[in-house]
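S.K.: Mind folding the following:
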Amino acid sequence: MPGVKVQGPRWAWIVLASALALSSACQTSVNPVTGRRQVVLMTEEDERTIDAEASRQIEAQLGLVRDPEVVAYVERVGREMAVHSPRQDVIYSFQIVEMDEPNAFALPGGHIYVSRGLLVLANSETEIANVLGHEIGHVAARHAAQQDAHAKTLGFSTLLGDILSGGAEEMADSERLSGHFIARYARGQEREADRIGQEMAIAAGVDPLGMADFLHSLNNLSKLTAGFSSPQSYYATHPALAERVAEATASAETRELRAASRGTGGSGASSFDAALSRDTYLDHVDGIAVGRPASEGVFLEHHFMHPDLGFGLRFPPGWLLINQSTQVMGVAPKRDGVVLLQLQGEGGDPERAALEFSVHEGMRLERARALRIGELPAFRAEAEMDSALGPIAAEITWIAFGGRIYRLVAGVRSGAFRKYQGLFRRFSQSFRPLTAEDRAGITELRLRSAYALQGETIRELSRRTGNEWDPSYTAVVNGLFVDDVLSAGQRLKIAVLEPYESPEGTGAGADGRGSPSDAGGAPGPPS
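M.R.: Now for the predicted structure:
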């Protein structure tokens, strides 16, 4: 849950994949890659409209990495590839989404995203360039225009009903959530995007074997985490990873030789410096967060703390806890109760915020009253709403803190309110400003480099450097085997637990009068 950006109207929790509205009639166009006419389901104007709306929803739902140096680096590598794209009538942009899983996807109008988890897994600039080239290939060949599209809109009652009906695990899974944004391409389209990306790599002087190298690491990660080779996370509908590694390797070697023999584009295999590409890459990604960064709030057991916004909150023990870009939630073990923390917007009057919410949602508030949570002004009311599960009872508390209004929502299936009422009250009453001691206990994992001693093993290096990853995972993310003997000065990625320091000027003081900041995205929809 990041900082202070507020979503669009009507609690529009839109998970938009690739379309807002499609032209009802199929059209034909000339494919900019093949030069052949093809049937498409959307116009170029549709593509731009869809791209603009979906990019806003991605930022709201998944969140974007805000590290300016890392973002600028990915943007630079992407632009160096995009200049060689066979399609130049779109503006390509490159951003990093807050997602642990290795993933990448493109919107039809040129917005291209890689996940933070993909940057952690990759081992060289060459690999990132090839991944971005593949996504550019989807845009260039207008693959999204050939696909069907779907839109899903969830209102407030639909949201609560979806959580209570068992949708919390899916909402917690950023891989599944990202799937709503990613066009599901056919196998032939994936191979075409591979080909386009590798040809752009040759033209840019980048080793096209980078795609095979990345897919090899991804395949090993899949084996480690799932126990078998699987196409999960990245390109979920693509050919099996092992198959794609072989195809990408064969294709890259052919294109390298062809480029070298023609003396055009890249200057041949001998010009690709793998060690330089790896060092350059690790220098640029040094210090990025491994896992959701503390700037979006952290859970210490069932205590949620947001160091940049300056508050803490206790969630019910034993509940499923989920920290998203738009909200933080806890779901009861039997899925008959849910609590949500969301940001309504800026302000200092909880009663006024409650009234605005009631009018905007057309929801009648019952048993409303002003109160105080510690020293903070608050307002509480009850409401009942219809959902697919039937009536849902909710208790909503608005709290003013740090120039913002936070909304604490507790929802239950009809008839279960008394069961959880005491727990709901303890949840809302636990909202408080962070202390200096609280802040001192907040840490986060960051990606760092370590240099091996001669003959050292990964296990030995991990013990010496405080690496938080286990040896098997360390081996996979470095493209090694767990029992490899390392050479002197060999550079490895490790994960180090470090104290978190809020950016200067963010957070609220103990009195709750901190100024608004732009740290992160939105904790929740507005009224």
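S.K.: was I right about residue 486 contacting residue 451?
M.R.: No. Residue 486 lies out of contact with residue 451 (CB atoms under 8 Å); the separation is 9.2 Å. For glycine as for every other residue, the C-beta is placed from the backbone atoms N, C-alpha and C.
S.K.: Who has more neighbours out of these two?
M.R.: Ranked by neighbour count (other CB atoms under 10 Å), residue 486 and residue 451 place residue 486 first, with 21 against 13.
S.K.: shared neighbours, residue 486 and residue 451?
M.R.: residue 492 (CB atoms under 8 Å, 6 or more residues apart in numbering).
S.K.: Let me see the contact set for the closest residue to residue 499 other than its chain neighbours.
M.R.: In space, residue 499 comes closest to residue 443 once its chain neighbours are excluded; the distance is 5.6 Å by CB to CB, 6 or more residues apart in numbering. Residue 443 makes contact with 294, 497, 498, 499, 500, according to CB under 8 Å, 6+ apart.
S.K.: can you rerun that using 10 Å?
M.R.: Residue 443 makes contact with 294, 298, 300, 496, 497, 498, 499, 500 under the criterion CB atoms under 10 Å, 6 or more residues apart in numbering.
S.K.: What pLDDT does the model give the fourth one?
M.R.: At residue 496 the predicted local confidence, pLDDT, stands at 98.
S.K.: what's the burial count for it?
M.R.: So residue 496, with other CB under 10 Å, has 19 neighbours.
S.K.: what are the pairing partners of the helix or strand where it lies, and which direction each?
M.R.: Using DSSP states H and E, residue 496 sits in strand 491-499. Partners of strand 491-499 in the sheet, by DSSP bridges, are strand 443-451 (antiparallel).
S.K.: So for the partner strand, what gets flagged as buried?
M.R.: Judged by neighbour count using 16 or more other CB atoms under 10 Å, the buried positions of strand 443-451 are 444, 445, 446, 447, 448, 449, 450.
S.K.: Please work out the angle formed by the directions of the next helix or strand after that strand and strand 491-499.
M.R.: Sequence-wise, the next helix or strand downstream of strand 443-451 (DSSP H and E) is helix 458-465. Helix 458-465 runs at 40 degrees relative to strand 491-499, counting by axes from the mean of the first three to the mean of the last three CA atoms, to 10 degrees.
S.K.: Helix 458-465 packs against which elements?
M.R.: strand 443-451, helix 471-477, strand 491-499 (3 or more CB pairs under 10 Å, 6 or more residues apart in numbering; DSSP states H and E).
S.K.: pLDDT score for residue 258?
M.R.: pLDDT at residue 258 comes out at 50.
S.K.: quick one: which of the buried residues of strand 443-451 is nearest residue 365?
M.R.: Distance to residue 365, by CB to CB, is smallest for residue 444 among the buried residues of strand 443-451, at 38.5 Å.
S.K.: Could you give the bridge partners of the closest one?
M.R.: Beta-bridge partners of residue 444, counted by DSSP bridges, are residue 498.
S.K.: Residue 295 is in contact with that one, correct?
M.R.: Yes. Applying CB atoms under 10 Å as the test, residue 444 and residue 295 come out as touching, 8.3 Å apart.
S.K.: where do the contact lists of those two overlap?
M.R.: Here residue 444 and residue 295 share the contacting residues 289, 307, 500, scored by CB under 10 Å, 6+ apart.
S.K.: The second one contacts residue 500, correct?
M.R.: Yes. Between residue 307 and residue 500 there is a contact under CB under 10 Å: 5.9 Å.
S.K.: Between the two, which is the more surrounded one?
M.R.: residue 307 (25 against 19).
S.K.: Look up the pLDDT of the more buried one for me, please.
M.R.: Per-residue pLDDT puts residue 307 at 95.
S.K.: what does residue 24 give?
M.R.: Looking at residue 24, its pLDDT is 33.
S.K.: same question, residue 325
M.R.: Value listed for residue 325 in the pLDDT field: 79.
S.K.: my guess is it contacts residue 63, does it?
M.R.: Yes. Using CB under 10 Å, residue 325 makes contact with residue 63 at a distance of 3.5 Å.
S.K.: re the thing from before, and the residue nearest to residue 499, how far from residue 501?
M.R.: Residue 443 sits 10 Å away from residue 501, going by CB to CB, to the nearest Å.
S.K.: Likewise for residue 288?
M.R.: Taken as CB to CB, the span from residue 288 to residue 501 is 15 Å.
S.K.: These two: which is more packed in?
M.R.: residue 288 (19 against 11).
S.K.: Now do the helices in the stretch 351-500 of the chain.
M.R.: Per DSSP state H, counting those that start in this stretch, the stretch 351-500 of the chain carries helices over the ranges 417-429, 436-440, 458-465, 471-477.
S.K.: scratch that, the stretch 51-200 of the chain
M.R.: 68-82, 116-121, 125-140, 156-162, 168-172, 174-179, 187-203.
S.K.: can I get the ones you listed in a markdown table with mean neighbour count?
M.R.: Below are the helices of the stretch 51-200 of the chain laid out as a markdown table (neighbours: other CB atoms under 10 Å):
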| stretch | mean neighbour count |
| --- | --- |
| helix 68-82 | 18 |
| helix 116-121 | 23 |
| helix 125-140 | 28 |
| helix 156-162 | 21 |
| helix 168-172 | 17 |
| helix 174-179 | 19 |
| helix 187-203 | 22 |
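S.K.: Least reliable of these by average pLDDT, please.
M.R.: Sorting the helices of the stretch 51-200 of the chain by mean pLDDT places helix 174-179 lowest, at a mean of 46.
S.K.: Show me the shaky parts of the stretch 301-450 of the chain.
M.R.: Confidence mapping of the stretch 301-450 of the chain against pLDDT under 70 gives the ranges 387-390, 414.
S.K.: Kindly provide the distance from residue 208 to residue 320.
M.R.: Separation of residue 208 from residue 320 (CB to CB): 43 Å.
S.K.: These two: which has the busier surroundings?
M.R.: residue 208 (31 against 17).
S.K.: isn't residue 405 right next to residue 352, touching?
M.R.: Yes. Between residue 405 and residue 352 there is a contact under CB under 10 Å: 8.7 Å.
S.K.: who touches both of these two?
M.R.: Joint contacts of residue 405 and residue 352 (CB under 10 Å, 6+ apart) are 379, 398.
S.K.: More neighbours: the two, which one.
M.R.: residue 405 (28 against 14).
S.K.: Can you tell me who that one pairs with across the strands?
M.R.: Beta-bridge pairing for residue 405 (DSSP bridges): residue 345, residue 400.
S.K.: next one: residue 411
M.R.: Bridge pairing for residue 411 (DSSP bridges) gives the partners residue 338, residue 394.
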